[in-house]
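Peer 1: Make a model of this:
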Amino acid sequence: MENPRVCVIIPAFNEEQAIGKVIRDIPEFITQVIVANNGSTDNTRQVATDAGALVVDESRKGYGWACLKGMEASKAYDPDIIVFLDGDYSDFPQEIPKLIRPIVEQNMDLVIGSRVLGKREKGSLTPQQRFGNWLATRLMRLFYGAKFTDLGPFRAIKTDQLNALKMSDKTYGWTIEMQIKAAKQKYLFTEVSVDYKKRIGQSKVSGTVKGTVLAGIKIIFAIFKYRF
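Peer 2: As a prediction, this is how the structure comes out:
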């Protein structure tokens with residue numbers, strides 16, 4: 001795969017303080033940056049547009065809904081690879097080449113950016129996130145033989161393989177659904193270390209008790225749901 005077309009999809013809900021920084025740090029070789037505005041009530045849409053992204057609106061609340069909307073919009077650019085990146089500036093967009101390199105050079109289908117393997121700013125991963133990652137990745141190894149260290153949202157995947165997964169989760173289970181289905185389909189996958197810093201603003205998931213509990217339930221449910 002030489003000179004692949006790469007689209008970056010950024011699900012975003014009320015990220016006006018961070019989204020512009022994320023977009024401006026994305027490497028210039030990216031074919032298109034797509035922000036899936038998930039019903040934001042702040043100035044996320046305008047800030048993202050001003051920073052040069054294509055903004056598409058998804059009023060149905062949920063991380064998966066936003067990702068699916070971004071995937072739909074990406075079809076116009078016929079990308080070879082899709083990169084998913086959060087809009088809170090906790091990841092380093094400059095590391096996108098690290099994620100796509102194993103696809104280009106080693107023909108990997110899916111590459112997960114592992115925060116566990118990288119350098120993390122103190123306090124950037126909450127205790128509940130660390131425990132959730134630990135539990136979920138061990139259950140995936142037990143039930144699916146899939147050796148992951150993280151459910152990190154910063155990831156790259158071949159477009160054809162992504163479409164073949166027929167992603168369906170609309171909320172918190174999106175990332176683990178992708179990893180489980182990829183393992184079941186015998187995709188070639190790997191992880192690369194990515195650095196991680198404290199997000200701008202409060203997390204809608206790990207930043208609230210409700211979000212943490214719902215995400216935990218959804219992730220555990222997904223592990224058993226796709227088992228059969």
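Peer 1: quick one: low-confidence parts of this structure?
Peer 2: In the predicted model of the chain, residues 202-212, 215, 228 satisfy pLDDT under 70.
Peer 1: again, only using 80
Peer 2: Applying pLDDT under 80 to the chain flags the ranges 1, 128, 201-228.
Peer 1: Centre-most residue in it?
Peer 2: Pro153 (2.8 Å; C-alpha atoms, centre = their mean).
Peer 1: Quickly note the distance from the residue lying closest to that one once chain neighbours are set aside to Asn107.
Peer 2: For Pro153, ignoring the flanking residues on the chain, the nearest one in space by C-beta to C-beta, 6 or more residues apart in numbering is Asp86 at 5.1 Å. Yep, even glycine has a C-beta here, placed from its N, CA and C like the rest. Distance, Asp86 to Asn107, using C-beta to C-beta, to the nearest Å: 27 Å.
Peer 1: Looking at those two, which is more packed in?
Peer 2: Asp86 (20 against 10; other C-beta atoms under 10 Å).
Peer 1: Unless I misread the structure, that one falls within a helix.
Peer 2: No. Using DSSP: H, G, I helix; E, B strand; the rest coil, the assignment for Asp86 is coil, not a helix.
Peer 1: residue contacts, it?
Peer 2: Applying C-beta atoms under 8 Å, 6 or more residues apart in numbering to Asp86 gives the contacts 10-11, 22, 153-154, 199.
Peer 1: out of those, who's nearest Thr190?
Peer 2: In terms of C-beta to C-beta, no member of the contacts of Asp86 lies closer to Thr190 than Phe154, at 13.9 Å.
Peer 1: Now the closest one: closest residue in space, sequence neighbours ignored.
Peer 2: Using C-beta to C-beta, 6+ apart and skipping the chain neighbours, the partner closest in space to Phe154 is Gly113 (3.6 Å).
Peer 1: where does the one you found fall, phi/psi-wise?
Peer 2: phi -80, psi 110 (degrees, to the nearest 10).
Peer 1: Please look at it and Arg101 and confirm they touch.
Peer 2: No. Applying C-beta atoms under 8 Å, one finds Gly113 not in contact with Arg101, separated by 11.8 Å.
Peer 1: intersection of neighbour lists for these two?
Peer 2: Shared contacts of Gly113 and Arg101, defined by C-beta under 8 Å, 6+ apart, comprise Val192.
Peer 1: quick one on the thing from earlier: ok, the residue nearest to the centre of the chain to Gly64 distance?
Peer 2: Pro153 is 11 Å from Gly64, by C-beta to C-beta.
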